[in-house]
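[1] pasted the sequence and its predicted model underneath.
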Amino acid sequence: MTYKFLPHTGDVKFQAEGKTLEEAFSEASLALKEAISGKIKIKEKIRKNISMQAGDTESLLYNFLEEFLYLLDAEDFILSKIKSISINCQKSNNQLINKKTNNKANKVSPISAEGTLNLTAIAIGDQASNYKFTNDVKAITYNDMFIKKQKDKFIVQAVLDV
Amino acid sequence: MNLKKISETEYQIPQEGKMQVPVKIFADEKLMKSIKQDETLKQAMNVASLPGLIGNVILCPDAHQGYGMPIGGIAAFSLDSAVIAPGMIGFDINCGVRLLSTDITAKEFARNRKKIIHNIKRTIPSGIGQGGEKYSQEIIKQVLVKGAEWAVENSLGVKEDLIRCEENGKIKGANPEDVSQRAIARGTPQLGTLGAGNHFIDILIIDDIFQPEIAKIFNLKKGNIAILIHCGSRGLGHQIASDYLKKIDEEYGSANLPDRELVNAPINSKLGQSYLSAMRCAVNFAFCNRQIIMHKIREIFEREYLNKKVNLVYDIAHNIAKIESKKLIVRKGATRAFGPGNKEIPIIYRKSGQPVLIPGSMSTCSFVLVGTKEAEKISFASSAHGAGRAHSRSWAHKELTSEDVKKILAKKDIILEGSFKGTLEESELAYKDIEEVIDVTEKSGLSKKVASLKPIAVVIG
């Protein structure tokens, strides 16, 4: 397990890390899964291909995590693990989706946002209604979100509205 | 940060740096100590840097750290230059409370307590994800426009219920065209469901009456049973907030903002207007959600107690943006508290002021207060909304055990329907002292105490 939960009075804050950006994103999705389902083991019965785009890595993380909240409510799907995750940057002739993000010095953007970022992955999990969960994660927030490259690892942080 | 004590129940952070207005905090020393422990004040100062603000950014006695805007926060904007930020209203749009009164005595209820609470748990879908009745997307779109009125038109309530809701249970200016298919898909299986987390149904005994005249108007009689329902707009509202957070971020960016969660659009822009309309759709969904839940609870009680009545006292929103007195008022974890004579409140309450409902934590008293003219002057007619968290959820898991929670509930003779696992985070030990919050709320004039309600049975998701 390479994610941990941090103190936050109102909500749930976590940090996840991985050797690659993809691994850090995968770990972040597992932190989200734990925030929803606790330590319950989820069976690997259903596969879903997921894909999303964004103009910067933070937005990509937001969209990636939000997908699991959508799948839970609209398609009764709960994640067990992520497979074959891939993130790449598609140059788009300066047609940036988001040029105005506040990039502070310590907020290293591991992949330049000089275009559109694409994420594809396979989400493996089960029908959520087969389980009993008690923690309602309402949304992903941008509050205190960061994605940092530190030596040989990537660290991502996010706050979940619960 | 220059935090000034103004009086026993009021502090101020004067304008500094990028702040456009000061921050005013209604708290005594004890509550301020809790508020200072996290990022609440910093988040309020961040909000105070937005353009178009009027007066002060207000923090109520139950304030605590949130995201973007702190919980227990109120901000007012001039309509000419207002901006609107989805992160200020929050994701659980129109999360709110509905209070029902009955003429069933505590003694009469005691006989059937377990049976009724079990029935409520079985009848009202709760927990994560789906579980509601399968309404069509066409019906959901009607609900987004009509709110609680849709429920009443479909025999899920009576007409008299509607006037006992903020905005009569139906806020105008809600156009489903502004709501994404994704949001509708999330909301469709969730209409009439409670959810989980801090959402609950409480059965309480009306304990102390502090203002008999007003308690009579609110139909609250000492020793009788009352019911509190706390929930919001479920996945539909969460998705609407998220959709517009991203849209506004893409169009206006977060450069120069202290927190990306505060991305905002001018209220008079196309996107600003579109968000307002979509937010109102979520407001209506939540009003309807609470109406359906209430109707089912009412049926359970009225089946069990023939000839007894279960009446709606009031339904109020906690997370909302509204146009009031020609200003844009944003409340996040705060309650509207109109005083006597205000034309926005129903005739039945116009003489007294509107009921202000402040639930305690799972095992502490909840309170009914009444709005004041004073609140209209000092807090844009707003009041506290709950006990307010004092400790994080991770603190609760580290410091408390299920046994602790069970002991407290047993000692106070409160029965629980739901998983004990989820109760750790909602333990009274993780919250501020509700009596203290109410005391400061009253002393500062935000609203006045009418009655206290003692919990005896709790349903959680």
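    Received the coordinates, thanks.

[2] burial measure for the closest residue to B:S49 other than its chain neighbours, as a count.
    Excluding the flanking residues, the one nearest B:S49 by C-beta to C-beta, 6 or more residues apart in numbering or on different chains is B:K18, at 4.1 Å. Where C-beta positions appear, they are placed from N, C-alpha and C, glycine not excepted. Per other C-beta atoms under 10 Å in any protein chain shown, the neighbour tally for B:K18 reads 13.

[3] does B:K18 count as helix, strand or coil?
    Secondary structure, DSSP: H, G, I helix; E, B strand; the rest coil: B:K18 is coil.

[4] confidence score at it?
    Predicted confidence (pLDDT) for B:K18: 95.

[5] what does B:E417 give?
    Predicted confidence (pLDDT) for B:E417: 89.

[6] helix, strand or coil for B:A196?
    Put simply, B:A196 is coil when judged by three-state DSSP.

[7] so who does the closest residue to it other than its chain neighbours touch?
    What sits nearest to B:A196 in space, not counting adjacent residues and going by C-beta to C-beta, 6+ apart, is B:G461, at 3.1 Å. By C-beta atoms under 8 Å, 6 or more residues apart in numbering or on different chains, the contact set of B:G461 is A:134, A:136, B:126-128, B:194-197, B:199-200, B:418, B:422.

[8] from B:G187, how far off is B:G461?
    B:G461 sits 17 Å away from B:G187, going by C-beta to C-beta, to the nearest Å.

[9] next one: B:A27
    The gap separating B:A27 from B:G187 is 36 Å, by C-beta to C-beta.

[10] neighbour count winner among the two?
    Shown here are B:A27 and B:G187; by other C-beta under 10 Å, B:G187 has more neighbours (30 against 27).

[11] give me the element that one is part of.
    Assigned by DSSP states H and E, B:G187 belongs to helix B:181-187.

[12] other residues contacting that helix?
    Looking at what lies outside helix B:181-187 - C-beta under 8 Å, 6+ apart - the contacts are A:69-70, A:73-74, B:137, B:140-141, B:176, B:233-240, B:243, B:278, B:285.

[13] again, only this time at 10 Å
    A:66, A:69-75, B:129-130, B:132, B:135, B:137-138, B:140-141, B:143-144, B:176, B:179-180, B:233-244, B:278, B:281-282, B:285, B:289 (C-beta atoms under 10 Å, 6 or more residues apart in numbering or on different chains).

[14] now the buried members of the residues you listed.
    A:66, A:69-75, B:129-130, B:132, B:135, B:140-141, B:143-144, B:176, B:179-180, B:233-244, B:278, B:281-282, B:285, B:289 (16 or more other C-beta atoms under 10 Å in any protein chain shown).

[15] in helices, which of these appear?
    Using DSSP state H, the members of those that fall within helices are A:66, A:69-75, B:140-141, B:143-144, B:234-244, B:278, B:281-282, B:285, B:289.

[16] B:L41 contacts B:I35, correct?
    Yes - counting by C-beta atoms under 10 Å, B:L41 does reach B:I35; the two are 6.7 Å apart.

[17] where exactly do the strands run in the stretch 301-450 of chain B?
    B:310-317, B:319-324, B:327-332, B:335-336, B:355-358, B:366-371, B:382-383, B:415-417, B:447-460 (DSSP state E, counting those that start in this stretch).

[18] how about B:L59, nearest residue that isn't a chain neighbour?
    B:I25 (4.3 Å).

[19] strands paired with whichever strand or helix holds that neighbour, and their directions?
    Taking DSSP H and E as the criterion, B:I25 maps to strand B:23-26. Paired strands of strand B:23-26, with direction, are strand B:10-13 (antiparallel), strand B:53-67 (parallel) (DSSP bridges).

[20] with mean neighbour count and mean pLDDT as extra columns, can I get these in a markdown table?
    Below are the strands paired with strand B:23-26 laid out as a markdown table (neighbours: other C-beta atoms under 10 Å in any protein chain shown; pLDDT from 0 to 100):
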| stretch | mean neighbour count | mean pLDDT |
| --- | --- | --- |
| strand B:10-13 | 19 | 98 |
| strand B:53-67 | 27 | 96 |
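
[21] and of these, who's closest to B:I74?
    Closest approach to B:I74 among the strands paired with strand B:23-26 is made by strand B:53-67 (4.2 Å; C-beta to C-beta).

[22] output that closest one as CSV, nothing but the C-alphas.
    Written as CSV, here are the backbone C-alpha positions of strand B:53-67 (Å, rounded to 0.1, in the frame of the first residue of the first chain):
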residue,chain,number,x,y,z
LEU,B,53,-18.0,41.1,-1.7
ILE,B,54,-20.1,43.2,0.6
GLY,B,55,-19.7,43.7,4.4
ASN,B,56,-17.7,40.8,6.0
VAL,B,57,-17.2,37.2,5.3
ILE,B,58,-19.0,35.6,8.2
LEU,B,59,-18.1,32.5,10.2
CYS,B,60,-20.7,30.9,12.5
PRO,B,61,-19.8,29.4,15.9
ASP,B,62,-19.8,25.9,14.3
ALA,B,63,-17.3,26.8,11.6
HIS,B,64,-14.6,24.3,10.6
GLN,B,65,-12.2,23.6,7.7
GLY,B,66,-13.8,22.6,4.4
TYR,B,67,-12.5,23.1,0.9
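
[23] after that strand, which helix or strand is next?
    Counting by DSSP H and E, the next helix or strand C-terminal to strand B:53-67 is strand B:69-78.

[24] that following strand: what's the following helix or strand?
    strand B:83-84.

[25] and the helix or strand just after that next one, how far from the chain's centre?
    The helix or strand immediately downstream of strand B:83-84 is helix B:86-89, counting by DSSP H and E. Here helix B:86-89 is found 14 Å from its chain centre; the criterion is C-alpha atoms, centre = their mean, to the nearest Å.

[26] can you check stretch B:448-459 too?
    Stretch B:448-459 sits 16 Å away from the centroid of its parent chain (C-alpha atoms, centre = their mean).

[27] where does chain A have low pLDDT?
    Scanning chain A for pLDDT under 70 picks out A:1, A:92-114.

[28] B:A183: neighbour count?
    Counted with other C-beta under 10 Å, residues neighbouring B:A183 total 31.

[29] check what pLDDT it gets.
    The per-residue pLDDT of B:A183 was computed as 97.

[30] surely B:T188 is in contact with B:V179?
    No - applying C-beta under 10 Å, one finds B:T188 not in contact with B:V179, separated by 11.7 Å.

[31] between those two, what contacts are shared?
    Counting by C-beta under 10 Å, 6+ apart, the shared contacts of B:T188 and B:V179 are B:I140, B:L236.

[32] just the helices in chain A please.
    A:21-37, A:57-75.

[33] how big is the angle separating the shortest one from helix A:57-75?
    Orientation of helix A:21-37 against helix A:57-75 (axes from the mean of the first three to the mean of the last three C-alpha atoms, to 10 degrees) gives an angle of 40 degrees.
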